[in-house]
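1. below: sequence and its predicted model.
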Amino acid sequence: MGIELAGFVAVVVLAYLIPGPDFLLVSRYAVQNKRLGLAAALGAQSGLCIHMLVAALGLSAIAAQSAEFFMIVRWLGAAYLIWMGLCVLRQSRHQSASSDVQKQGVQKEQALTGHRRAFANGFLTNLLNPKAIVFFLSVLPQFMNLAGDAVRQILILGVLDVAIGVVWWWGVVAVMQQLAGMLKRPAVRQWWDRITGGLMIGAGALLARNGTG
């Protein structure tokens with residue numbers, strides 16, 4: 001029996017449909033600028049590639065046996081999400097009601113949050129997400145033929161996961177661009193930032209809590 005591609009694709013699609021830290025980050029960048037959204041998405045998928053390569057090399061299996069390793073990853077991921085959420089909330093509070101100041105703020109923000117920063121944030125958000133590690137350790141093997149070449153199968157399934165993600169993120173960015181006109185209105189943008197920042201902090205807090213359980 002070979003790789004169960006149909007079942008794997010169904011699980012991967014479902015995983016992408018469930019919003020997570022990557023979705024919050026890519027969506028927010030996509031509202032600012034299409035290229036920023038794509039850069040953040042590329043960063044997230046690059047982080048996923050690292051998880052895939054680590055799993056293929058067998059390092060994940062070794063790391064999985066260390067409770068301390070997962071604790072460190074969880075706390076780093078939680079701290080990063082909470083820090084990003086606080087930055088978003090701080091930016092929301094500093095927004096002015098003046099349209100001129102708003103325009104200057106947006107231009108300044110876009111200058112500061114360039115493509116490299118968007119890529120780096122997407123990369124780190126995915127890389128520090130322990131769920132990605134768990135996926136390659138526990139979920140992905142369920143669709144492999146254990147009698148076959150494990151490395152080859154991990155790479156095949158991993159590349160398929162990344163490819164599905166590329167299509168998904170392209171669609172997310174396109175949808176957010178359609179909503180950008182509404183979400184860039186001062187009042188709406190302020191609430192959007194508050195909700196996004198709050199969800200990021202909540203995700204980080206939940207991740208930290210799970211890490212102490």
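-> That came through, no problem. Numbers count the residues shown, from 1 in each chain.

2. would you map the helices across the protein?
-> With helices called from DSSP state H, the chain shows them at 5-17, 21-32, 34-56, 59-64, 67-93, 99-112, 115-127, 130-134, 150-183, 186-212.

3. which other helices and strands contact the fifth one?
-> Taking 3 or more Cβ pairs under 8 Å, 6 or more residues apart in numbering; DSSP states H and E as contact, the helices and strands that helix 67-93 lies on are helix 21-32, helix 59-64, helix 115-127, helix 130-134, helix 186-212. Backbone N, C-alpha and C define where each C-beta goes, glycine included.

4. just the last one next, same as before
-> Counting by 3+ Cβ pairs under 8 Å, 6+ apart, the packing neighbours recorded for helix 186-212 are helix 21-32, helix 67-93, helix 150-183.

5. try the shortest one
-> Judged by 3+ Cβ pairs under 8 Å, 6+ apart, the packing partners of helix 130-134 are helix 34-56, helix 59-64, helix 67-93.

6. picking that back up, between the helices and strands packed on helix 67-93, which gets nearest to R152?
-> Checking those against R152 by Cβ to Cβ gives helix 59-64 as the closest, at 16.2 Å.

7. how far out from the middle of the chain is stretch 137-149?
-> Chain-centre distance of stretch 137-149: 24 Å, with Cα atoms, centre = their mean, to the nearest Å.

8. with that, I have no additional questions.
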